[in-house]
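In: this one's structure only:
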């Protein structure tokens, strides 16, 4: 009995301690509100990880911001930005992949412009597959078992692929899976040199790892256009944090710059943030014109 | 035949709650976040070596030499894989979720053991909490609590609380009638009956519930990473999304090591008091 009393005693003391502890940290957090903060959301995709970490170190080192970066699924990420809880979502692919989300949340988010241009989506096959055009798919239906390996049910590329199947009268079934399942299927087929057709997009590491090609579309039936990656801010970001909005609007990487950063992150043992920091010191000129002018003068 | 707009009604309810209870959710966020950050700082402040010694000593003392040795080795593997910070973040998240789950769950279990009506109301709710796929309440969690660790804690505690309620209820209901009668014969009132007779006798069952709650909380780690909870779920999700088998495996292995440690230690707590 006595030991049990002791346990309860200890538990209640622990409870009081924890409560007090919580209150103290809660109070100390309040005073931090004065500093400039940014709350950026990204998805665990290689290119986004790369430039989001770069944005973090530039904001911290050059503009004295306190930056929090959070990785989340695409749906939760849009929800958080539209809801005003996070400042910006770093990775919106337009005009195709994320068009559904943008349409759904258009009243609660603002487009802060592109961070990367030259994205591509479509049906992707390994280079060893003989055909080159979407319109040739029906002729080799048996090779592919009449299946296109897709990704998540809700993704924009799935919707477009279904439209393509209809427009081109393809006798194919689009299989729902997920990004990881699609890439594993691709990897397995590639290793066995088997034919496979997947829904794919670029930039994506799979183009670095495997020799792949997009199936060409017919000129008069272009469903997928080359596009760009946008940063979406929450409504009112431009009024609340004009500098941050200006910075995110200015932020832009060329294909070569982004590829260089991604490769360095891939090859390094250091954390993404440390690599981004190092990349920053070697590429000051790239980020120089991202920083809003007022900030430059204030910094000097 | 006919359409039941169940989904629309749910969405309406969620939107209404988001619009009208935001003050309450902010308060919950503040309290949970402070608690969580406090624990996280406590776990991350000392050098990993010191923490490894502390954890291993605890495991050794509570569960014996074997578990102690496993803990030393396991934690060194975690540190060696560069997963230390993630592991401590996850541990802080689990501790927070489990503490809140127990603060709600154990009293609820006691209440349910005293009242048939409460038990009848609570049981289907617990069934619902346990069987509703966790992905379904990720978006409401984000709407209410934003992204990050707080919605992760909330989602985790909803998923992990039921065994604490169930086993507390069960444990107290299984206290032998003779013991109760003896206590009554010695003139104990209902408070004494609960604190000095029923809870001590039921303690091993309750602790089994605590153990289950911890293990369920651990199984939410990866799902919580989808709403920005970070920790060990993040390398697993990254590994999945980029087909980085090595990274995914390291994250998964760290979760397993943490799970075995927590399981053995909490199980032994139950056994030693039994």
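Out: Yep, that arrived. None of the values given here were measured: they were computed from a predicted structure.
In: residue A:248 and chain B, how far apart?
Out: 17 Å (C-beta to the nearest C-beta, to the nearest Å). (Glycine included, C-beta is placed from N, CA and C.)
In: which SS state does that residue fall under?
Out: helix (DSSP: H, G, I helix; E, B strand; the rest coil).
In: and the one 5 residues further on, by the same measure?
Out: Under three-state DSSP, residue A:253 falls in the coil class.
In: verify the stated contact: it with residue A:115.
Out: Yes - with contact defined as C-beta atoms under 8 Å, residue A:253 reaches residue A:115; the gap is 6.3 Å.
In: shared neighbours of these two, anything?
Out: Counting by C-beta atoms under 8 Å, 6 or more residues apart in numbering or on different chains, the contacts common to residue A:253 and residue A:115 are residue A:51.
In: for the residue lying closest to residue A:156 once chain neighbours are set aside, grab phi and psi.
Out: Nearest residue to residue A:156, sequence neighbours excluded (C-beta to C-beta, 6 or more residues apart in numbering or on different chains): residue A:97, at 4.6 Å. Dihedral pair for residue A:97: phi -50, psi -50, per degrees, to the nearest 10.
In: and stretch A:165-177, how far out from the chain's middle?
Out: Distance, stretch centre to chain centre, for stretch A:165-177: 26 Å (C-alpha atoms, centre = their mean, to the nearest Å).
In: then stretch A:200-214?
Out: Counting by C-alpha atoms, centre = their mean, stretch A:200-214 comes out at 16 Å from the chain centroid.
In: what does it contact?
Out: A:45-47, A:93, A:97, A:116, A:119-129, A:132, A:157, A:182-183, A:186-187, A:190, A:255, A:258-259, A:262, B:242-243.
In: among the residues you listed, which ones are in strands?
Out: A:93, A:116, A:119, A:120, A:121, A:122, A:123, A:124, A:125, A:126 (DSSP state E).
In: tell me the bridge partners for the nearest residue to the second one once chain neighbours are set aside.
Out: Think residue A:116. In space, residue A:116 comes closest to residue A:229 once its chain neighbours are excluded; the distance is 4.3 Å by C-beta to C-beta, 6+ apart. For residue A:229, the beta-bridge partners under DSSP bridges are residue A:93, residue A:116.
In: for residue A:229, give its distance to residue B:233.
Out: Using C-beta to C-beta, to the nearest Å, residue A:229 is found at 25 Å from residue B:233.
In: likewise residue B:72?
Out: 25 Å.
In: those two: who's more crowded?
Out: Here residue B:72 and residue B:233 are compared on neighbour count by other C-beta atoms under 10 Å in any protein chain shown; more neighbours surround residue B:233, at 27 against 17.
In: in the stretch 51-200 of chain B, what residue is nearest chain A?
Out: residue B:146 (3.3 Å; C-beta to the nearest C-beta).
In: contact partners for the closest residue to that residue other than its chain neighbours?
Out: Nearest residue to residue B:146 in three dimensions, chain neighbours excluded: residue A:85, at 3.3 Å (C-beta to C-beta, 6+ apart). By C-beta under 8 Å, 6+ apart, the contact set of residue A:85 is A:39, B:142, B:146, B:147.
In: show the pLDDT at whichever residue of the stretch 201-300 of chain A sits closest to chain B.
Out: When distances are taken as C-beta to the nearest C-beta, the stretch 201-300 of chain A reaches nearest to chain B at residue A:205, 6.0 Å away. Residue A:205 carries a pLDDT value of 72.
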